[in-house]
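Asker: Need the 3D shape of this:
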Amino acid sequence: MAFRFKPAEPFAQGFHRIAAEQIERALGELSGQGDRVKAVHETRKGLKRLRALLRLVRPAIGEAAYRAQNVRLRDAGR
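Answerer: Numbering: from 1, shown residues only. The predicted model follows:
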């Protein structure tokens with residue numbers, strides 16, 4: 001499922017909402033009792049969506065902050 005910003009929502013608030021949703025979704029996948037392979041796959045997809053969201057705010061947060069957070073998310077996906 002793609003994430004969407006709400007038209008009347010401030011960008012920063014939307015960013016935080018979407019990031020929290022993706023993190024909760026990833027944690028929910030890992031804590032479930034279902035297929036572990038599928039859970040890991042879905043969690044990694046969620047982390048990729050978080051990295052894409054991070055790329056959207058890259059100009060606003062600066063290159064150093066972007067790289068640091070991107071590395072964290074990338075390593076978590078591994």
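
Asker: Please list all residues in contact with the residue nearest the centre of the chain.
Answerer: A centroid search over the chain (C-alpha atoms, centre = their mean) returns Leu50, at 2.1 Å, as the residue closest to the centre. Under the criterion of C-beta atoms under 8 Å, 6 or more residues apart in numbering, the contact partners of Leu50 comprise 19, 22-23, 73. Just so you know, the C-beta spots here come from the backbone N, C-alpha and C atoms, and that holds for glycine as well.

Asker: rerun that using 6 Å as the cut-off
Answerer: Each residue near Leu50 by C-beta atoms under 6 Å, 6 or more residues apart in numbering is listed here: 22, 73.

Asker: list the buried ones in stretch 68-78?
Answerer: 69, 73, 77 (16 or more other C-beta atoms under 10 Å).

Asker: quick one: least confident of these?
Answerer: Summarising pLDDT for these: the lowest-scoring member is Gly77, with 86.

Asker: Pretty sure that residue sits against Lys48.
Answerer: No - in this structure, Gly77 sits apart from Lys48 without contact. The criterion is C-beta atoms under 6 Å, and the distance is 7.1 Å.

Asker: Let me see the ranges of the helices in this protein.
Answerer: With DSSP state H as the definition, the chain shows helices at residue ranges 11-31, 36-56, 58-61, 63-77.

Asker: May I have the second one as CSV, with CA atoms only?
Answerer: Backbone C-alpha positions of helix 36-56 (Å, rounded to 0.1, in the frame of the first residue of the first chain) are rendered in CSV as follows:
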residue,chain,number,x,y,z
ARG,A,36,8.7,-15.8,9.1
VAL,A,37,10.0,-15.6,5.6
LYS,A,38,7.0,-13.5,4.5
ALA,A,39,7.3,-11.4,7.7
VAL,A,40,10.9,-10.6,7.0
HIS,A,41,10.1,-9.8,3.3
GLU,A,42,7.3,-7.4,4.3
THR,A,43,9.4,-5.8,6.9
ARG,A,44,12.2,-5.1,4.5
LYS,A,45,9.7,-3.6,2.0
GLY,A,46,8.5,-1.3,4.8
LEU,A,47,12.1,-0.2,5.5
LYS,A,48,12.5,0.5,1.8
ARG,A,49,9.3,2.7,1.9
LEU,A,50,10.8,4.5,4.9
ARG,A,51,14.0,5.2,2.9
ALA,A,52,11.9,6.5,0.0
LEU,A,53,10.2,8.8,2.4
LEU,A,54,13.5,10.0,3.8
ARG,A,55,14.6,10.8,0.3
LEU,A,56,11.7,13.2,0.0
